[in-house]
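Peer 1: my questions are about this predicted structure, shown below with the sequence.
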Amino acid sequence: MSHILSPKPMRASRITISQLMQPEHANHHGNVHGGWIMKLVDEAGALACMRHAQHRVVTVAIDQMTFQQPIHIGDLIILNAEIAYTGRTSLEAEVKVLAENPLTGEQVHTNTAYLVYVALDENGNAAEVPCLLAETPDEEKRMKEADERQKRRLAQKHKK
């Protein structure tokens, strides 16, 4: 039996993860491995989705991830995640990644990633999620862009 879930604002899902990059996170040139960054992006996205859905979630898709700037040993990686789209059981998280020099405070945007998750109930079945509520024109724009991304993903899926 389905019950009506109250919409939630984007800000209710917002999370930030910060972690100092150590030698074990990097290659011999001192650049943090892309795979390590992807792991943190996935964790941040999942946490934002869990906060919104109040269910555990699984990753379904990761859109293209392009690293525009390297992250180095000694940098503080900051991941800001927030829900940008909800379907009946799916959610898209937008994760912005910054690298900060903790001594100077200088920050560089390294990449933004969009990830799709599905909420799961206690039996592992897809669970309905609350709708997303835009509170500002910028949030309305971001939700529209996320809806367009989801339509493109579904169109790609049906082409195969």
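Peer 2: The structure has been received and is ready for your questions. These numbers come from a predicted model, not from an experiment.
Peer 1: shouldn't Ala46 be within a strand?
Peer 2: No. Applying DSSP: H, G, I helix; E, B strand; the rest coil, one finds Ala46 to be helix, outside a strand.
Peer 1: please identify the helix or strand for the residue nearest to it when sequence neighbours are not counted.
Peer 2: Using C-beta to C-beta, 6 or more residues apart in numbering and skipping the chain neighbours, the partner closest in space to Ala46 is Val57 (5.5 Å). Where C-beta positions appear, they are placed from N, C-alpha and C, glycine not excepted. Counting by DSSP states H and E, the element that carries Val57 is strand 56-62.
Peer 1: what residues sit buried inside that strand?
Peer 2: Of the residues in strand 56-62, Arg56, Val57, Ala61 count as buried by neighbour count, 16 or more other C-beta atoms under 10 Å.
Peer 1: hmm, which of those is lowest in pLDDT?
Peer 2: Across those, the bottom pLDDT score, 94, is held by Ala61.
Peer 1: quick check: longest helix in this protein by residues?
Peer 2: The helix that spans the most residues within the chain, counting by DSSP state H, is helix 137-159.
Peer 1: how about that helix as CSV, C-alpha atoms only?
Peer 2: What follows is helix 137-159, C-alpha atoms only, in CSV (Å, rounded to 0.1, in the frame of the first residue of the first chain):
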residue,chain,number,x,y,z
PRO,A,137,14.8,30.0,-9.4
ASP,A,138,18.4,28.5,-9.4
GLU,A,139,17.0,25.3,-7.9
GLU,A,140,14.2,25.2,-10.4
LYS,A,141,16.8,25.6,-13.2
ARG,A,142,19.0,22.8,-11.7
MET,A,143,15.9,20.5,-11.4
LYS,A,144,15.0,21.2,-15.0
GLU,A,145,18.5,20.4,-16.2
ALA,A,146,18.5,17.2,-14.1
ASP,A,147,15.2,16.1,-15.6
GLU,A,148,16.7,16.6,-19.1
ARG,A,149,19.8,14.5,-18.1
GLN,A,150,17.5,11.8,-16.9
LYS,A,151,15.5,11.8,-20.1
ARG,A,152,18.7,11.5,-22.1
ARG,A,153,19.8,8.6,-19.9
LEU,A,154,16.5,6.8,-20.4
ALA,A,155,16.6,7.4,-24.2
GLN,A,156,20.2,6.0,-24.3
LYS,A,157,19.0,2.9,-22.3
HIS,A,158,16.2,2.3,-24.7
LYS,A,159,18.4,2.6,-27.8
